[in-house]
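1. quick one, structure for this:
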Amino acid sequence: MDTGLPRRAFFIAHPDVVIDPNIPVPHWPLSLRGKERMNKLLAQLWVNHISAVYCSTEQKAIDGAEILAGQLAIGYQMVHELVTRRLNSARNNLPDSATRAASNSLQDLGIRSLGEIDRSSTGYLPFDEHRTVADLFFAHPCQSIRGWEAANDAQQRIVSAIAAILANDQSAGNIAIVSHGGVGTLYLCHLKGIPISRKEGQPGANGGYYYCFEALSRTLLHSWKVEFTGNNAANVSPHPVCARQAALPKGPSAAQVQACPGRAVQGVRWQMGMGMPILLFPIRSSDWRIKKWEG
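-> Next up, the predicted model:
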């Protein structure tokens, strides 16, 4: 597995999820489309050199890690398990007088949650409202917007967590971290040494992008790429779905799936986005327009 190159780390943002306002966000799983996209990621040549897979404790990240680790026939680790295991080891193997100091030291390593920004104060928000709050989250990183975790606090948590994972991993090859888009955006800003900005987010709306950096030097080797050929969602072949074929829940009815204005438009497809059906219309290879169904 040794390539002779410096160890690399791949940050992978989970792809499409099943959005259900009645289920807590951390419990949302990958959708069928998301699982399909994670499986396509396995065709990337760099995947064969992965020797360790880490993920957050949220279901969508776990689903992605299971697919990746399953292909490699290795296990995956949720970061909270590392905390528990190391703290228990400290308590079991050290005198009582040293246990507190060792526990504090392990906690200082920062192997905490790789979960998405804490939005539990609001829970699920409709698409437009979520976008507004997220814009404020990135625009005012020192502030807690509507009770959300502040962007600066989240970034410090994420940087600390990834630093500890890289420092303590004992495998010989490259490392994969399966987490979330917001997490990846904040860490990418850190790698680039720039202020927190939403402009550093994934170029596509449905996740599934990844970037790579050197594990030791933290040198960014490339920014967001998608699992398909090319770096732009516009290069992805449309995924046509009609109402009777739709696998995703709560999709538009047959009456709603109608021809959109502009007869030259081809490859109409729909998917769930922020709790509502969204139709994507590829007008040209570089022009994607979004229409939301109101009904």
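
2. give the rounded mean pLDDT of the longest helix belonging to the chain.
-> For the chain, the helix that runs over the most residues, judged by DSSP state H, is helix 151-168. For helix 151-168, the mean pLDDT works out to 93.

3. can you give me the buried ones in it?
-> 151, 154-155, 157-162, 164-166 (16 or more other Cβ atoms under 10 Å). In short, each C-beta sits where N, CA and C put it, glycine included.

4. helices and strands around it, which ones?
-> Other elements packing on helix 151-168 under the criterion 3 or more Cβ pairs under 8 Å, 6 or more residues apart in numbering; DSSP states H and E are helix 79-93, strand 174-179, helix 181-192.

5. and which of the buried residues of helix 151-168 is nearest Phe127?
-> Ala151 (20.4 Å; Cβ to Cβ).

6. identify the residues contacting the closest one.
-> 117, 137-138, 140-142, 186, 196 (Cβ atoms under 8 Å, 6 or more residues apart in numbering).

7. ok, so of the residues you listed, who is nearest His49?
-> Looking across the contacts of Ala151 and measuring by Cβ to Cβ, the closest to His49 is Leu186, at 26.0 Å.

8. state the distance from the residue lying closest to Leu30 once chain neighbours are set aside to Ala13.
-> The shortest distance from Leu30 to any residue other than its chain neighbours is 4.2 Å, reached at Asp63 (Cβ to Cβ, 6 or more residues apart in numbering). Using Cβ to Cβ, to the nearest Å, Asp63 is found at 13 Å from Ala13.

9. same check, this time on Leu166
-> 18 Å.

10. try Ala205
-> 12 Å.

11. again with Ser144
-> 23 Å.

12. next, the nearest residue to Ser179 once chain neighbours are set aside: phi, psi?
-> Closest residue in space to Ser179, ignoring its immediate chain neighbours: Leu114 at 4.7 Å, by Cβ to Cβ, 6+ apart. When read as degrees, to the nearest 10, the backbone of Leu114 gives phi -100, psi 20.

13. picking that back up, looking at Ser144 and Ala13, which is more packed in?
-> Ala13 (27 against 14; other Cβ atoms under 10 Å).

14. quick check: that one touching Tyr209?
-> Yes - counting by Cβ atoms under 8 Å, Ala13 touches Tyr209, with 5.4 Å between them.

15. give me the common contacts of the two.
-> 181, 184, 202.

16. okay, now the nearest residue to Leu221 once chain neighbours are set aside: neighbour count?
-> Using Cβ to Cβ, 6+ apart and skipping residues adjacent in sequence, the residue nearest Leu221 is Cys212, 4.5 Å away. When neighbours are defined as other Cβ under 10 Å, Cys212 has 18 of them.

17. cool, Ser51 as well?
-> Quick note: Ser51 (other Cβ under 10 Å) scores 17 neighbours.
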